[in-house]
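S.K.: dropping the sequence and predicted coords here.
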Amino acid sequence: MKIDHIGIAVSNLQAAVQKYQALFQKAPDHIEQIDNQRVNIAMFRVGEPSVELLEGTDDESPISQYIQKRGEGIHHICFDVDDLDAAIAAAEQSGMEKIPQDDDRGAGGTRVAFLHPKTTGGVLIELVQKS
Ligand code: ZN
């Protein structure tokens, strides 16, 4: 398992992309609107791990709600796993809780799951299976 990316919640993706592309001296490698997650994302591959900027697509988006409560900031850490179902099972066995979701499609056709911060030491953990 390795860290795939760190997700940063932002209130204005376009403005954040401008700043981060100046910092990284490159354009985002991937931009996507993920309807089922209610987010727009911009992924920068900057070595390992990547940096993912996330903006909510409406007020009900988990990202919008996060920003309303806590402001912009580091939102989640994502680990790349070979087998998502096995990783979820292992996490649940250790007492971590998967956040229920109707649909596990993530950016770029991946499958994703999220583990609740109250069961992981205060950090939202995303698991991604790429194949
Ligand atoms: Zn992510």
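M.R.: Done, it's in. Just so you know, these numbers come straight off a predicted model, no measurement behind them.
S.K.: from the protein, which residue is nearest to the ion?
M.R.: Gly7 (4.0 Å; C-beta to the ion). The way it works is simple: take the backbone N, C-alpha and C, and place the C-beta from them, glycine included.
S.K.: what about that residue, how many neighbours?
M.R.: 22 (other C-beta atoms under 10 Å).
S.K.: where does it land in three-state SS?
M.R.: strand (DSSP: H, G, I helix; E, B strand; the rest coil).
S.K.: the nearest residue to Ala87 once chain neighbours are set aside: neighbouring residues, count only.
M.R.: Nearest residue to Ala87, sequence neighbours excluded (C-beta to C-beta, 6 or more residues apart in numbering): Val81, at 4.0 Å. By other C-beta under 10 Å, the residues close to Val81 number 21.
S.K.: for Val81, report the pLDDT, please.
M.R.: The model reports Val81 with a pLDDT of 91.
S.K.: is it true that it touches Met1?
M.R.: Yes: here Val81 reaches Met1: they are 5.8 Å apart, a contact under C-beta atoms under 8 Å.
S.K.: what packs against the top helix by length along the chain?
M.R.: Counting residues, the longest helix found in the chain (DSSP state H) is helix 13-24. Judged by 3 or more C-beta pairs under 8 Å, 6 or more residues apart in numbering; DSSP states H and E, helix 13-24 is in contact with strand 39-44, strand 50-56.
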